[in-house]
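A.B. asks: Any chance you could fold what I've pasted below:
(one chain, ligands or ions: 4)
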Amino acid sequence: KTLSSSQIRQMFLDFFQEKGHAIEPSASLIPVDDPTLLWINSGVATMKKYFDGSVVPKNPRMTSSQKSIRTNDIENVGKTPRHHTLFEMLGNFSVGDYFKKEAIAWAFELLTSPKWFGWDKDKLYMTVYPKDTDAKKYWEAVGVSPDHIIEIEDNFWDIGQGPSGPDSEIFYDRGADFDELAPDDPENYPGGENDRWLEVWNIVFSQFNHTPQDTYEPLPRKNIDTGMGLERVVSIFQHARTNFETDLFLPMIKKTEAFSDHKKYGVNKQDDVAFRIIADHARAITVAIGDGALPSNVGRGYVIRRLIRRAIVNGQRLGINASFLYKLAPVVGETLKSYYPKVLEQREYIEKVIRSEEDRFNETLADGLKLLHDVIADTKAESKNEIDGPTAFKLYDTYGFPYELTKEEASEVGLDVDRQGFEVEMHKQKERARNARSGAKSMGVQRDLLVKVKEDSEYVGYDTLDVKDAKLI
Ligand code: ATP
Ligand code: MG
Ligand code: MG
Ligand code: MG
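C.D. replies: Ligands and ions are numbered 1, 2, ... in the order given. As a prediction, this is how the structure comes out:
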């Protein structure tokens, strides 16, 4: 079957609706009442209130396609076939209702029934937690052959405290054409490092309470939460080599080709990475800005800024020198309009936000890149392996390069960046701003001006926040 992404999303939701689940809308990427989370990063992240018992859902069975952002995957984007910053997680949830047996039987039915996905069961591999003999038994009961059930010690979902339990992940065998590793490589198995087996679905059986005393007590009411990456499933249906050759990404890639007068997608590996990064980041910033995020130097805003600037630097690699990213926003809106019509409705606003950030960065970009490339050449000529802190700080402060961007550019050519030296410069600048401010205290208007400047240049990388992208929460 060849289906469009919107048909596939709908098929998942229809299936679980038929099994008595209420369809929950895709919530905003910006968490509500949850200071522990920078972005919604999974379906279950929006349902914490049901799983911790503070709110009782009308229906204990729910299903959703949830937009999610994972900053821990930024550097994977474009390099692996399967990682995005923004992706949609399809999921089904049971709040103290059905458990392992039903979750497994329904997953198998959705994936293999000709009425639904209709995938060949021989292409599927199920990983289980070794001690979870129930999961193994239920997979066998629905017809999975024992040699397609793989025990993996890591299959235990645990964030240190609270609900936890084993999980079972489903891998799709894309065939020998997709082998990245030699047959005898120890990582060459479903669940290992070989791209041949694509992880599509994670089913979490949350059955224990991980106590502060570090014991695991059985939960009186057990829960199911699952996450299936829509873009990965679409790549299988659309026979795409990676997630990017699908109807969710190709329109942005085509548009980017048009902005670059000579580069084409699919010709050169390095250029392809740039095309994919641009398509991915255009999606993430468009949807996140539509949800109310704005570029800034702190928290979520810093992520948006970093994504925009990273996309622009990759545009440079393709020979695109003028502002272009904002023109991808309506293309993104078009690819998502069946399920997210708001994105297109907000296009003018979103374009404006991206464009002003883009114009601002473009003013200093060429000079910043020149400085960076000169410094890289010097560093290499002196046989050093690290870009010094003051340079990284100058790139940040004068040329608008997020620290991580400098670090990535450096690592492309095998260099490190002196993070500590960077922090020292940052600290010095804060001191200068503080002193200037206390001196300006009596100066009324001027003081306000300085305070504003200081806020604008304050740096708090998102990775310095105490927020981690935990697995599936
Ligand atoms: P991977 O091992 O491929 O990084 P994961 O094990 O980190 O994935 P989970 O936390 O299990 O992912 O999330 C559930 C599902 O969500 C995954 O099976 C996958 O289909 C999808 N998914 C997770 N991270 C991403 C991402 N960055 N981009 C696209 N899809 C993702
Ligand atoms: Mg991951
Ligand atoms: Mg995984
Ligand atoms: Mg997983």
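
A.B. asks: near ligand 1, which residues of the chain show up?
C.D. replies: By the criterion of C-beta under 6 Å from any ligand atom, the positions of the chain lying close to ligand 1 are 70, 73, 82-84, 87, 89, 199-202, 227-229, 231-232, 471-472. Glycine gets a C-beta too; all of them are placed from N, C-alpha and C.

A.B. asks: Of the residues you listed, which belong to strands?
C.D. replies: Counted as lying in strands by DSSP state E, out of the residues of the chain next to ligand 1, are 87, 89, 199-202, 227-229.

A.B. asks: got the contact list for Met62?
C.D. replies: Contacts were defined as C-beta atoms under 8 Å, 6 or more residues apart in numbering; by that measure Met62 touches 21-24, 47, 50, 92-93, 95.

A.B. asks: and of those residues, the nearest to Ile285?
C.D. replies: When the contacts of Met62 are compared for distance to Ile285 (C-beta to C-beta), Glu24 comes out closest, at 24.8 Å.

A.B. asks: Who are the contact partners of the residue lying closest to Glu409 once chain neighbours are set aside?
C.D. replies: Once its chain neighbours are removed from consideration, Glu409 has its nearest residue in Leu372; the separation is 6.0 Å (C-beta to C-beta, 6 or more residues apart in numbering). Neighbour list for Leu372: 395, 401, 406, 409 [criterion: C-beta under 8 Å, 6+ apart].

A.B. asks: gap between the closest residue to ligand 1 within the chain and Ile170?
C.D. replies: With C-beta to the nearest ligand atom as the measure, Gly229 is the residue of the chain nearest to ligand 1, at 2.6 Å. Gly229 sits 11 Å away from Ile170, going by C-beta to C-beta, to the nearest Å.

A.B. asks: Name the residues contacting each of these two.
C.D. replies: Between them, Gly229 and Ile170 have 199-201 as joint contacts when contacts are counted by C-beta under 8 Å, 6+ apart.

A.B. asks: wait, isn't the residue of the chain closest to ligand 1 in contact with Arg82?
C.D. replies: Yes. Counting by C-beta atoms under 8 Å, a contact exists between Gly229 and Arg82, whose distance comes to 7.3 Å.

A.B. asks: tell me, what's touching the two both at once?
C.D. replies: Residues touching both Gly229 and Arg82 (C-beta under 8 Å, 6+ apart) are Glu199.

A.B. asks: Pull the number of nearby residues for Ser145.
C.D. replies: The number of residues packed near Ser145 is 10, by other C-beta atoms under 10 Å.

A.B. asks: quick one: the strands in the stretch 151-300 of the chain?
C.D. replies: When secondary structure is read from DSSP state E, counting those that start in this stretch, the stretch 151-300 of the chain shows strands at 156-157, 162-173, 197-210, 216-229.

A.B. asks: what about these, which gets the closest to Gln7?
C.D. replies: Comparison of these against Gln7 by C-beta to C-beta identifies strand 216-229 as nearest, at 15.1 Å.

A.B. asks: what angle separates that closest one from strand 197-210?
C.D. replies: 150 degrees (axes from the mean of the first three to the mean of the last three C-alpha atoms, to 10 degrees).

A.B. asks: Now do the buried residues in stretch 406-414.
C.D. replies: Within stretch 406-414, the residues that qualify as buried are 406-407, 409-410, counting by 16 or more other C-beta atoms under 10 Å.

A.B. asks: ok, which pair from those residues is furthest apart?
C.D. replies: Farthest pair in those, by C-beta to C-beta: Lys407 and Glu409, 7.4 Å.

A.B. asks: list the contacts for Thr256?
C.D. replies: With C-beta under 8 Å, 6+ apart as the criterion, the residues that contact Thr256 are 265, 275, 278-279, 315, 318, 320, 324, 328.

A.B. asks: and Ser296, how many residues sit next to it?
C.D. replies: If we define neighbours as other C-beta under 10 Å, then Ser296 has 17 of them.

A.B. asks: Need the per-residue pLDDT for Lys100.
C.D. replies: In this model, Lys100 is scored at 97, pLDDT.

A.B. asks: these two touch, right, it and Ala135?
C.D. replies: Yes. Contact status for Lys100 versus Ala135: in contact at 6.2 Å, counting by C-beta under 8 Å.

A.B. asks: Between those two, which contacts overlap?
C.D. replies: Shared contacts of Lys100 and Ala135, defined by C-beta under 8 Å, 6+ apart, comprise Phe205.

A.B. asks: Of those two, which one has the most company?
C.D. replies: Neighbour count, other C-beta under 10 Å: between Lys100 and Ala135, Ala135 has more, with 25 against 21.

A.B. asks: re the thing from before, which of the contacts of Met62 fall within strands?
C.D. replies: Per DSSP E, those map to strands at 22-24, 92-93.

A.B. asks: for this protein, which helix is longest?
C.D. replies: For the chain, the helix reaching the highest residue count under DSSP state H is reported as helix 347-381.

A.B. asks: Helices - which of the buried residues of stretch 406-414 land there?
C.D. replies: 406-407, 409-410.

A.B. asks: And those residues, which is closest to Met426?
C.D. replies: Thr406 (13.2 Å).

A.B. asks: Might one say that the closest one is in contact with Phe393?
C.D. replies: No. Under the criterion of C-beta under 8 Å, Thr406 is not in contact with Phe393, lying 9.5 Å apart.

A.B. asks: ok, then the element right after the longest helix of the chain?
C.D. replies: Moving toward the C-terminus from helix 347-381, the first helix or strand encountered (DSSP states H and E) is strand 386-387.

A.B. asks: gap between Asp280 and Lys254?
C.D. replies: Distance, Asp280 to Lys254, by C-beta to C-beta: 15 Å.

A.B. asks: Tell me which of those two has more neighbours.
C.D. replies: A side-by-side neighbour count of Asp280 and Lys254, using other C-beta under 10 Å, places Asp280 first with 28 against 13.
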